[in-house]
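> Sequence plus predicted model, see below.
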Amino acid sequence: MGREQGKTRLGPAAPGFTTEGVLPELTRQAVDYVARSAADARGGKPFFLYLPLNSPHTPVAPSKEWQGKSTLGHYGDFVMQTDDTLGQVLAALEREKIRNDTLIVLTSDNGCSPQADFPNLIRQGHNPSGIFRGNKADVFDGGHRVPFIVSWPAGARQGVKSDQLTCLTDIYATCAEIVGVKPVDTAGEDSFSFLSALAGDTADASAKRSSIVHH
């Protein structure tokens, strides 16, 4: 079958595939994975879940039950549905009684796409790039600065904001430090741990990284 032009790229798709069904399926799979992995986690064998969401990316395709809920158009609806996905994953961790020991990182790979219809959103009082100039595909800050939210009740101080310069490559070194593994010299040379920033040690955090090169 072919995909509908305008909603996604043309080409073959799996039987029964719908663009709107992707996020609910990713959510279901993530919640199921937490449930399957919880017993081992409680027994000292932690799991790793990489959940690269299709939202709020293009194609902007909120499920029918979310359409119209945000009053900011389909993009706003898709963001709300994304929030609900995160809520379902957090609820699964709570049910399995592993929320306290689970490190959760919520972030993005780039700024918001202009296909979100910036002029319409700004007219309604919402600028996806906030105070920054530009959007996805720009060299400006709006294309490269992204939200980076960490939740880890057992290991991170709550309510801490850090000015430490951080890149997504730094997740590697941070996780290595958390589990007590020293990477070999030829691995992750551009990765710097931000574990001290999570602990609220701003003095140590400021010395970790002095620059980031993006293109």
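Alright, I've got the coordinates. The structure displayed is predicted, hence computed values, not measured ones.
> which strands and helices sit next to the biggest helix by length in the chain?
Across the chain, the longest stretch assigned as helix under DSSP state H is helix 73-95. In terms of contacts (3 or more CB pairs under 8 Å, 6 or more residues apart in numbering; DSSP states H and E), helix 73-95 is packed against helix 22-42, helix 118-123. Glycine gets a C-beta too; all of them are placed from N, C-alpha and C.
> Mean pLDDT, mean neighbour count and distance to Gly142 added to these, as a markdown table?
Putting the helices and strands packed on helix 73-95 into a markdown table (pLDDT from 0 to 100; neighbours: other CB atoms under 10 Å; distance: least, CB to CB, whole Å) gives the following:
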| stretch | mean pLDDT | mean neighbour count | distance to Gly142 |
| --- | --- | --- | --- |
| helix 22-42 | 97 | 16 | 24 |
| helix 118-123 | 94 | 13 | 10 |
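> With distance to Trp152 added, can I get the ones you listed in CSV?
Shown next, in CSV, are the helices and strands packed on helix 73-95 (distance: least, CB to CB, whole Å):
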stretch, distance to Trp152
helix 22-42, 14
helix 118-123, 32
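> Gly16 is nearest to which of those?
Comparing the helices and strands packed on helix 73-95 against Gly16 with CB to CB, the closest turns out to be helix 22-42 (10.7 Å).
> what's around Thr174, how many residues?
20 (other CB atoms under 10 Å).
> What residues does the nearest residue to Ala137 once chain neighbours are set aside make contact with?
Excluding its sequence neighbours, the residue lying closest to Ala137 (CB to CB, 6 or more residues apart in numbering) is Gly143, at 6.2 Å. Applying CB atoms under 8 Å, 6 or more residues apart in numbering, we find Gly143 in contact with 110-111, 134-137.
> Can you turn the buried part of the residues you listed into a PyMOL selection?
This is the PyMOL syntax for the buried subset of those, where burial follows 16 or more other CB atoms under 10 Å:
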select buried, resi 110+111+134+135+136
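> Now flag whichever of the contacts of Gly143 is closest to Gly43.
Asn110 (38.1 Å).
> Can you verify my assumption that the closest one contacts Val139?
No: Asn110 is not in contact with Val139 according to CB atoms under 8 Å; the separation is 11.5 Å.
> what about the helices in the chain?
Under DSSP H, the chain gives helices at 22-42, 73-95, 118-123, 141-144, 170-179, 195-198, 202-205.
> What mean pLDDT does the last one get?
It stands for helix 202-205. Taken as a whole, helix 202-205 carries a mean pLDDT of 62.
> Where does pLDDT dip in this structure?
1-8, 202-207 (pLDDT under 70).
> Touching the longest helix of the chain from outside, list them.
Under the contact criterion CB under 8 Å, 6+ apart, helix 73-95 has outside partners 23, 26-27, 30-31, 34-35, 51, 53, 55-56, 60-63, 66-70, 99, 102, 104, 106, 116-117, 120-121, 126.
> Now with 6 Å, please.
For helix 73-95, the surrounding residues in contact (CB atoms under 6 Å, 6 or more residues apart in numbering) are 27, 30-31, 34, 55-56, 60, 62, 66-67, 69-70, 99, 102, 116.
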